[in-house]
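# The following block contains a protein sequence and its predicted model.
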Amino acid sequence: MILQAKGLTKNYGDHTAVKDINLEFKKGSFNAILGPNGAGKSTTISMLIGLKRATNGQIIYAPNTRIGVVFQASVLDEKLTVKENLAIRAKQYKGITYNRVDELIHQLGLTAFQKQLYGTLSGGQKRRVDIARALLSKPDILFLDEPTIGLDVSVKDNIRRAITQINQEEETTILLTTHDLSDIE
């Protein structure tokens with residue numbers, strides 16, 4: 001197992017957002033947490049990546065596991081180009097070369113707008129750049145929180161194909177949250 005959660009619970013005062021869940025993820029697997037808005041999907045991801053502390057339970061990663069995260073809201077700079085955003089983020093990791101930025105730009109189909117300001121991109125283009133940012137460190141697990149929310153059908157299909165390709169070609173474990181069953185079909 002690359003990741004396990006045992007008895008994971010998150011309480012906010014008297015409200016229980018996540019109650020006693022057990023999860024196991026194998027290396028290279030494709031996984032989804034499916035549920036309606038407010039079901040605790042984002043809270044679960046936040047606990048798994050360490051942004052929120054579980055009230056109870058245990059989270060166990062395989063040794064030396066690298067993670068990448070695509071949040072619901074972007075963390076990139078609107079006033080920088082796509083390539084500038086990725087290049088700056090790449091410098092935050094040890095051993096990531098500039099070639100990795102070019103590789104991801106090509107792999108995720110960002111070439112046509114790599115010199116465009118991030119803030120001027122469409123929702124689908126931004127989402128692909130967000131995925132590229134999360135992949136800079138060559139993560140073993142890629143967490144995606146509602147990766148296709150608010151996107152039209154054709155853009156959703158492109159995002160789904162990119163995620164599937166990453167899963168299959170790089171054997172990256174994928175864990176996404178969604179309320180849309182078509183995201184995981």
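Okay, I see it. A quick note: this is a predicted structure, and the numbers were derived from the prediction, not measured. Residues are numbered from 1 along each chain as shown.

# Every contact and neighbour count from this point should use C-alpha atoms.
Fine.

# What's the first helix or strand after the helix or strand of the chain with the lowest mean pLDDT?
Ranking every helix and strand in the chain by mean pLDDT, DSSP states H and E puts helix 153-170 at the bottom, with a mean of 84. Counting by DSSP states H and E, the next helix or strand C-terminal to helix 153-170 is strand 173-178.

# so where is the chain shaky, pLDDT-wise?
By pLDDT under 70, the weakly predicted segments of the chain are 180-185.

# any idea where the strands of it begin and end?
3-12, 15-25, 30-34, 56-61, 67-70, 141-145, 173-178 (DSSP state E).

# which of those sits most buried?
Most buried of the strands of the chain, by mean neighbour count (mean count of other Cα atoms under 10 Å): strand 141-145, with a mean of 25.

# just so I know, which of the strands of the chain lies nearest Arg128?
Each of the strands of the chain has some distance to Arg128 by Cα to Cα; the shortest is strand 67-70, at 9.8 Å.

# can you tell me how far Pro63 sits from Arg161?
Going from Pro63 to Arg161 by Cα to Cα, to the nearest Å gives 29 Å.

# who's more crowded, these two?
Of the pair Pro63 and Arg161, Arg161 is the one with more neighbours under other Cα atoms under 10 Å, namely 13 against 8.

# ok, now which ones touch the more buried one?
With contact set as Cα atoms under 8 Å, 6 or more residues apart in numbering, Arg161 has no partners.
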